[in-house]
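Q: When you get a sec, could you give me coordinates for this:
(one chain, ligands or ions: 4)
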Amino acid sequence: MNQILHMSNLYAPTLKEDPSDADIASARLLLRAGMLRKTASGVYTFLPLGWRVLHKIEDIVREEMDAAGAQEILMPALQPAKLWHESGRWDDYGPELMRLTDRHDNEFCLGPTHEELIVDLVRNELRSYKELPVNLYQIQTKYRDEIRPRFGLLRSREFIMKDAYSFNASQESVQETYDAMGEAYKKICDRCGLEWREVEADGGQIGGSVTAEFMALAESGEAELVYCSCGYAADAEAGACLARPTLYEVDAMEKIATPGVHTIAELAAFLDIPESSTVKALSGKDAEGNLVCLFIPGDHELNELKIEGVVPGFALLTDEEMKDFGLCKGSMGPVGLPESARVIACASLQAVPQWVVGANEDGFHYVGARLGQDFSVDEWADLSAVKPGDGCPECGLPLDGARGIEVAQIFQLGDKYSRAMGATFMDEEGNEVPFFMGCYGVGISRTLAAIVEQHNDEHGIMWPPSVAPAQVCVVPLTVGDDEVQPMAEKIARDLAEIGFEVVVDDRDERAGVKFNDADLIGWPVQIVVGKRGLKENKVEVKLRRTGEKKDVSLDTLAELM
Ligand code: ATP
Ligand code: MG
Ligand code: MG
Ligand code: MG
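A: Numbers count the residues shown, from 1 in each chain. Ligands and ions are numbered 1, 2, ... in the order given. As a prediction, this is how the structure comes out:
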């Protein structure tokens with residue numbers, strides 16, 4: 001039988017007034033409903049009811065991860081800087097990384113994500129292709145020194161994430177795990193009662209060119225997304241980050257009259273690269289300081305390739321210059337100067353709008369032309385951002401726009417981390433090869449807030465039953481008597497016995513106070529037990545979501561539920 005909660009001894013201090021610094025509905029309601037308290041900017045304490053909801057979400061995530069073949073572990077939040085130096089991210093990650101030094105002057109960080117730690121965990125122990133794939137996950141506290149912590153649990157500095165990491169023997173195998181994780185995430189979003197969309201995304205700090213985000217639709221969301229009736233959907237930010245420069249390049253190539261190159265497939269054919277290969281893009285500047293992009297096909301890491309082509313004065317952008325050009329780090333970021341990369345295509349996108357396409361194996365020759373048009377940095381940012389109304393890249397119809405909360409993201413990482421950190425396995429031919437990897441994150445505490453963003457009204461929260469702190473609240477209108485309260489307790493026991501989670505509001509409070517709190521906290525079902533009703537053997541059942549009230553005979557109550 002489920003444990004029965006009693007409001008009289010539950011630590012759930014509700015607030016009558018809105019807290020002054022709550023800047024979004026979820027934060028305001030979670031604070032008012034006595035589920036959450038603010039400790040510092042972007043740092044929160046979960047009270048018993050909030051913690052129960054968090055556990056419900058964790059359980060859903062655990063069930064779906066386990067069902068998809070992932071295994072749970074727990075890594076430390078405290079991570080040695082040494083590993084971050086190995087991956088190069090100690091310098092790349094920037095001020096969002098919470099850094100600290102121990103008494104012996106050793107540097108550490110509080111993990112914002114765990115690629116370094118997990119690669120260190122498996123290298124030297126996971127040895128053979130026969131042991132692969134392996135997918136490990138944890139549910140753990142993450143730290144990010146967000147520049148602007150806000151919106152309560154949506155953008156906090158300490159938050160709870162489920163992060164999974166897969167080690168695979170081939171690209172096909174990563175694809176399989178990635179797809180399985182995507183399917184699991186869809187189930188997680190559905191089971192949490194979210195209205196959501198899967199969108200094309202940008203790799204951001206994690207890296208990786210194949211990646212998707214799961215967006216909970218909400219007007220209050222920070223993310224802008226575009227979508228189309230054909231099923232295409234993307235994070236608009238991904239456009240702004242030049243995640244799909246090839247599309248733009250194809251347009252340009254059309255303009256420079258390269259016959260027959262209109263689509264990515266045609267571009268791939270034109271450049272003589274397999275269509276499935278990733279085209280990595282690297283942003284730099286030419287001798288005149290113009291933004292130049294290099295497109296390098298293949299599954300290679302950029303720093304492993306040779307620049308054979310001649311791009312006079314080409315230099316990588318510094319972080320500051322990236323910002324000046326309105327670019328964000330990620331797949332386009334400075335990845336260390338490639339000493340020797342083969343330039344396949346190159347386009348000068350700014351000021352001197354010259355488009356050039358380099359050849360393949362045989363070196364580099366110009367086939368470009370001037371477009372005769374200058375772009376300012378802003379114009380370029382505008383051009384590259386995907387906006388509602390733009391043509392859908394899949395079908396050409398105008399894109400619709402929406403706002404969303406990024407609750408989860410999945411990435412194919414290739415060998416970015418395993419190569420940098422020397423994590424290899426023996427393949428079928430006996431060669432030592434770096435692992436193919438994927439990583440898959442769900443913001444557990446952000447999901448909690450996203451649920452509240454989607455499920456509330458002017459009276460409070462309306463929890464979907466799957467994540468409610470309890471599904472039923474029994475409200476005796478009088479307490480301490482020998483009729484109403486005992487009957488309320490009996491109803492609670494009966495319902496708990498058939499599997500419901502039940503709370504009894506046994507506080508010696510006015511009915512109005514109890515009703516308001518019940519609506520604020522958001523129990524899906526409220527059962528009001530009063531003297532008058534009991535005379536006719538009846539109780540009142542109220543559904544929080546619709547507000548619908550019904551008198552129900554005690555004999556049929558259990559069946560009705
Ligand atoms: P955002 O774009 O909102 O900054 P992110 O892309 O940096 O998020 P990821 O690195 O993809 O986040 O982390 C995986 C998940 O962790 C996110 O999808 C999100 O649900 C959650 N998350 C990230 N940052 C925060 C934060 N500051 N507070 C709460 N949850 C977060
Ligand atoms: Mg972020
Ligand atoms: Mg993001
Ligand atoms: Mg993300």
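Q: what lines up beside the longest strand seen in the chain in the sheet?
A: Counting by DSSP state E, the longest strand found in the chain is strand 400-414. Strand 400-414 has the following strand partners under DSSP bridges: strand 210-217 (antiparallel), strand 223-227 (antiparallel), strand 436-443 (antiparallel).
Q: Buried residues of that strand, list them for me.
A: By neighbour count on 16 or more other Cβ atoms under 10 Å, the buried set for strand 400-414 is 402, 404-414. In this view, the C-beta of every residue, glycine as well, is placed from N, C-alpha and C.
Q: same deal with stretch 226-239?
A: Neighbour count says stretch 226-239 has 226-228, 232-239 buried, by 16+ other Cβ under 10 Å.
Q: if you go through the stretch 401-550 of the chain in chain order, where are the strands?
A: 424-426, 432-434, 436-443, 456-457, 460-461, 472-476, 502-504, 525-529, 538-543, 549-553 (DSSP state E, counting those that start in this stretch).
Q: Kindly report the same for the stretch 51-200 of the chain.
A: Under DSSP E, counting those that start in this stretch, the stretch 51-200 of the chain gives strands at 71-72, 78-80, 98-101, 107-110, 134-143, 158-168, 196-200.
Q: Export the ones you listed as a markdown table, with columns for mean pLDDT and mean neighbour count.
A: As requested, the strands of the stretch 51-200 of the chain are exported to a markdown table (pLDDT from 0 to 100; neighbours: other Cβ atoms under 10 Å):
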| stretch | mean pLDDT | mean neighbour count |
| --- | --- | --- |
| strand 71-72 | 98 | 12 |
| strand 78-80 | 98 | 17 |
| strand 98-101 | 98 | 13 |
| strand 107-110 | 98 | 18 |
| strand 134-143 | 98 | 20 |
| strand 158-168 | 98 | 24 |
| strand 196-200 | 94 | 21 |
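Q: For the residue of the stretch 451-561 of the chain found nearest ligand 1, which residues are in contact?
A: At 12.4 Å from ligand 1, residue 451 is the closest residue in the stretch 451-561 of the chain, using Cβ to the nearest ligand atom. For residue 451, the contacting residues are 57, 192-194, 216, 463-464, 467, by Cβ atoms under 8 Å, 6 or more residues apart in numbering.
Q: In helices only, show me the residues you listed.
A: Residues of these located in helices (DSSP state H): residue 57.
Q: Nearest residue to residue 31 in space, please, no chain neighbours.
A: Nearest non-adjacent residue to residue 31, counting by Cβ to Cβ, 6 or more residues apart in numbering: residue 19, 4.8 Å away.
Q: Helix, strand or coil: sort out the one you found for me.
A: What DSSP: H, G, I helix; E, B strand; the rest coil gives for residue 19 is coil.
Q: can you count the residues close to it?
A: By other Cβ atoms under 10 Å, 15 other residues sit near residue 19.
Q: ok now do it, which residues does it touch?
A: The contact partners of residue 19, by Cβ under 8 Å, 6+ apart, come to 27-28, 31-32, 38.
Q: what bridges to the closest residue to ligand 1 within the stretch 151-300 of the chain?
A: In the stretch 151-300 of the chain, the residue that lies nearest ligand 1 is residue 159 (3.6 Å; Cβ to the nearest ligand atom). Counting by DSSP bridges, residue 159 forms beta bridges with residue 142.
Q: need the contact list for it.
A: 141-142, 144, 153, 443-446.
Q: now for the residues you listed, which pair is the farthest apart?
A: 144 and 444 (14.5 Å; Cβ to Cβ).
Q: Looking at these two now, which is surrounded by more residues?
A: residue 444 (26 against 22).
Q: from what I can see residue 432 touches residue 424, true?
A: Yes - in this structure residue 432 lies within contact range of residue 424 using Cβ atoms under 8 Å: 4.4 Å.
Q: And these two? Which one has more around it.
A: Counted by other Cβ under 10 Å, residue 432 and residue 424 do not tie: residue 424 has more neighbours, with 18 against 10.
Q: which residues does the more buried one bridge with?
A: On the basis of DSSP bridges, residue 424 is bridged to residue 434.
Q: Quick check: the gap between it and residue 129.
A: Going from residue 424 to residue 129 by Cβ to Cβ, to the nearest Å gives 11 Å.
Q: and the residue nearest to residue 555 when sequence neighbours are not counted, how far is that from residue 554?
A: Among residues not flanking residue 555 along the chain, residue 537 sits closest, at 7.2 Å (Cβ to Cβ, 6+ apart). Residue 537 sits 5 Å away from residue 554, going by Cβ to Cβ.
Q: what's the pLDDT at the closest residue to residue 60 other than its chain neighbours?
A: Distances taken as Cβ to Cβ, 6+ apart put residue 191 closest to residue 60, at 4.8 Å, once the chain neighbours are dropped. Here the pLDDT value assigned to residue 191 is 98.
Q: How about residue 236?
A: Confidence for residue 236, expressed as pLDDT, is 83.
Q: Which strand residues bridge the residue lying closest to it once chain neighbours are set aside?
A: Among residues not flanking residue 236 along the chain, residue 224 sits closest, at 4.0 Å (Cβ to Cβ, 6+ apart). Beta-bridge partners recorded for residue 224 (DSSP bridges): residue 403.
Q: what's the neighbour count on the closest residue to ligand 1 within the stretch 351-500 of the chain?
A: Relative to ligand 1, the nearest point of the stretch 351-500 of the chain is residue 443 (2.1 Å; Cβ to the nearest ligand atom). Here the number of neighbours of residue 443 (other Cβ under 10 Å) works out to 26.
Q: Tell me the bridge partners for it.
A: What pairs with residue 443, by the bridge criterion (DSSP bridges), is residue 161.
Q: Counting neighbours, which bits of stretch 71-90 end up buried?
A: Of the residues in stretch 71-90, those buried (16+ other Cβ under 10 Å) are 75, 77, 79-81, 83-84, 86-90.
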